[in-house]
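Colleague: Please work out how this folds:
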Amino acid sequence: MQKSPNELLNIIQFLPYFPPHKWWLETAAEEWSYFYAKKSFWEVVNITFDVGQNISQIEQKDLIKDKKQEIIWYYKNWYKVYLLPSFDIIPNFPVPKIWKKNFWQILKIASLFSKENTTIIQTHTRFFLSSFLWWLFAKYYKLKWVHIEHGSDYVQLSSTLKTKISYMYDKIIWIWIFKKSDKIVAISEWVQKFIQKEFVSREVEIIYRWLDIKINNDLNVDNLKEKFPWKIIIWFIGRVMKWKNVSSLISAYYLLDENIKKSIQIVITWDWEDLENLKSLDRENLVYFTWAKSFDESLLIQSQFDIHFHTSSPGWGLATTLLQAMYLGCFIISTPYEWANEVIKNEINWILLSNDKVETFEKWILEALKTFDKKEDFSIINSHIIRENFNWEENIKKFKLVYNKIMNAQ
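Modeller: Modelled structure (predicted):
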């Protein structure tokens, strides 16, 4: 007997990738699975392509194998993960091996599960074949279907021709994802606007991802307050790619008066492709580079900072490091990019810059130093924003309300 839609709902998430393959989408899907199951809203089944899966860390008792001893799924943190045989036809574009027995075996398991339980299909991000295939699955089995969109722009590839082909592929095929799903959920206001401008005018719900911040004070990292006593610490944290624009922060720092420079310390946490360029810009060796750190180490370092400088040029999505800085009570200076203008408002939780130019950075470093006594006031506001919009418990409840509505809709 099926449960009432107002009570418990099972979810089958169909995904292109899942951890340990690491990037934004799969991490969000894993966190969602954990929190939904933890809230006891009922069972979560993840079906993902097996590209990038490394299950060596999964206990043997949690692995399920077929008659040929091939692993077809495993159990972790109250949710299941089924592995569809697949390969990357081009980098980061997995395609199922439909000729494999396991592919059809897992589809049969999913169909039986959905027949026996009140189930909603959930997909993440257009463009990947997982969203297209499971649209067909939902349609065939007459299941309600929620699509969560993470993308806020068209895909840009290595050549103009490839980019144009990608654009047509998007417009011809993926518009149907937005037209045919029972509900669209966007992970930000920026994504919502992109969908409604470029694809469909229908209602799109916004549910942000959440932060689950736990600081491990037992880790061995630099004590920045002891290392740089009597200095205000301005920092950047993240992969130092060129579009992160950390070079403008260092260039702005070198434009400051010598006495001002002595009162602050620039700290760059992490490394990546632009690190050597940044070191060359630091001609007097005044910037402190921590090199690469684990997530927990980076978070502990970040908790010591005074001013968080979100330096990014246009590109990508809402930076988790910016949200962490808000949670940790840092004074915020931010460009409007990476959707920062959704969470930072001028002179409310401090400054949202108009652009990412060196001269703008220089001006607002000086203004920050003059206004630094308001740090605690802005910290309270930022803490409220995070609790209101990026709280996992509240956001999981928002998803449950979405499911209830579409299950009750006739």
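Colleague: And the pLDDT for residue 127?
Modeller: Here, the pLDDT recorded for residue 127 equals 84.
Colleague: Name all residues that make contact with it.
Modeller: By CB atoms under 8 Å, 6 or more residues apart in numbering, the contact list for residue 127 reads 151, 155, 169, 170, 174. No exception for glycine: its C-beta is placed from N, CA and C like everyone else's.
Colleague: Most widely separated two among those residues?
Modeller: Farthest apart among the contacts of residue 127 by CB to CB are 151 and 169. That separation is 13.2 Å.
Colleague: I'd guessed residue 14 sits against residue 122; true?
Modeller: Yes - here residue 14 reaches residue 122: they are 7.3 Å apart, a contact under CB atoms under 8 Å.
Colleague: and stretch 57-72, which residues are buried?
Modeller: 58, 71, 72 (16 or more other CB atoms under 10 Å).
Colleague: among those residues, which one has the lowest pLDDT?
Modeller: For the buried residues of stretch 57-72, the least confident entry is residue 58, with 81.
Colleague: I'd assumed residue 80 was in contact with that residue.
Modeller: No - applying CB under 8 Å as the test, residue 58 and residue 80 come out as separate, 11.8 Å apart.
Colleague: any shared contact partners between these two?
Modeller: With CB under 8 Å, 6+ apart as the test, residue 58 and residue 80 both reach residue 74.
Colleague: Could you pull up the residues touching residue 195?
Modeller: 149, 178, 184, 186, 204.
Colleague: Show me which of these is closest to residue 258.
Modeller: Using CB to CB, the contacts of residue 195 come closest to residue 258 at residue 186, 47.4 Å.
Colleague: got a list of what the closest residue to that closest one other than its chain neighbours touches?
Modeller: Of all residues not flanking residue 186 in the chain, residue 192 sits nearest, at 4.0 Å (CB to CB, 6 or more residues apart in numbering). Residues near residue 192 by CB under 8 Å, 6+ apart: 186, 204, 206.
Colleague: so after whichever strand or helix holds residue 192, what's the next helix or strand?
Modeller: Per DSSP states H and E, residue 192 falls inside helix 189-198. Following helix 189-198 in sequence order, the next helix or strand is strand 205-206 (DSSP H and E).
Colleague: Among the contacts of residue 195, which are located in strands?
Modeller: Those of these mapping onto strands are 149, 184, 186, per DSSP state E.
Colleague: doesn't residue 201 make contact with the second one?
Modeller: No - under the criterion of CB under 8 Å, residue 184 lies out of contact with residue 201, with a separation of 11.4 Å.
Colleague: what's in contact with the host helix or strand of residue 105?
Modeller: Using DSSP H and E, the element containing residue 105 is helix 101-116. Surrounding helix 101-116, the residues in contact under the criterion CB under 8 Å, 6+ apart are 10, 12, 45, 47, 66, 70, 72-73, 82-85, 96-98, 119, 121, 137, 141, 143.
Colleague: which intervals of the stretch 201-350 of the chain have sub-threshold pLDDT?
Modeller: 315-316 (pLDDT under 70).
Colleague: again, only using 80
Modeller: Confidence mapping of the stretch 201-350 of the chain against pLDDT under 80 gives the ranges 212, 238-239, 272, 315-318, 346-347.
Colleague: can you map out the helices along the stretch 51-200 of the chain?
Modeller: 101-116, 129-140, 160-169, 175-180, 189-198 (DSSP state H, counting those that start in this stretch).
Colleague: tell me which of the buried residues of stretch 57-72 is nearest to residue 303?
Modeller: residue 58 (31.8 Å).
Colleague: Among the ones in strands among the contacts of residue 195, which one lies nearest to residue 378?
Modeller: For these, the nearest to residue 378 is residue 186 (27.2 Å; CB to CB).
Colleague: since we're on the closest residue to residue 167 other than its chain neighbours, how many residues are nearby?
Modeller: Nearest residue to residue 167 in three dimensions, chain neighbours excluded: residue 154, at 5.5 Å (CB to CB, 6+ apart). A count of neighbours around residue 154, defined by other CB atoms under 10 Å, yields 15.
Colleague: how much space between residue 154 and residue 202?
Modeller: Using CB to CB, to the nearest Å, residue 154 is found at 20 Å from residue 202.
Colleague: With residue 52 instead?
Modeller: 33 Å.
Colleague: These two - which one has more neighbours?
Modeller: More crowded of residue 52 and residue 202, by other CB under 10 Å: residue 52, with 19 against 12.
Colleague: dump the residue contacts of residue 240.
Modeller: Residue 240 sits next to 246, 268, 270, 271, 272, 273, 274, 275, 278 when contact means CB under 8 Å, 6+ apart.
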